[in-house]
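[1] whatever this is, show me its structure:
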Amino acid sequence: MNTMLLKLYLKFQELTSREEGQDMVEYALVLGLICFGAASASKFLSAALAQTFDNLSSNIGSYVS
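    Residues are numbered from 1 along each chain as shown. Just a heads-up that it's a prediction; the model follows:
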C-alpha cells in the first residue's frame, strides 16, 4: 500500500513539474472563461430580445387594429 502511494506521489510530482502541457491548460481556462461569459451574456441578451419583440408585437398590433 505504501509503495503504491509513493508511486502515485512520484507520478503526481512528475506531472506537476513538466511544463509542456501548460499551454493547453491555459487555452482550456481561457476557453472556459469565454464560454462562461457568453452563457451569462446570453441570459441578458435573451431578456432584451424578448422585450424588444414584445414591444414590436404590440406596436404592430396597434397599427393593425
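
[2] how about the CA coordinates for stretch 34-41, as CSV?
    In CSV, the C-alpha atoms belonging to stretch 34-41 read as follows (Å, rounded to 0.1, in the frame of the first residue of the first chain):
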residue,chain,number,x,y,z
ILE,A,34,-15.1,32.8,-22.7
CYS,A,35,-17.9,30.2,-22.6
PHE,A,36,-18.9,31.3,-19.2
GLY,A,37,-19.1,34.9,-20.3
ALA,A,38,-21.1,34.0,-23.4
ALA,A,39,-23.5,32.0,-21.3
SER,A,40,-24.1,34.7,-18.8
ALA,A,41,-24.4,37.4,-21.5
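
[3] how many residues are close by Glu14?
    9 (other Cβ atoms under 10 Å). All C-beta atoms are positioned from the backbone trio N, CA, C, and that covers glycine.

[4] next up, identify which helix or strand it is on.
    Assessed by DSSP states H and E, Glu14 sits inside helix 2-17.

[5] what of Ala50?
    Going by DSSP H and E, Ala50 is in helix 22-64.

[6] since that was my last question, I'll sign off now.
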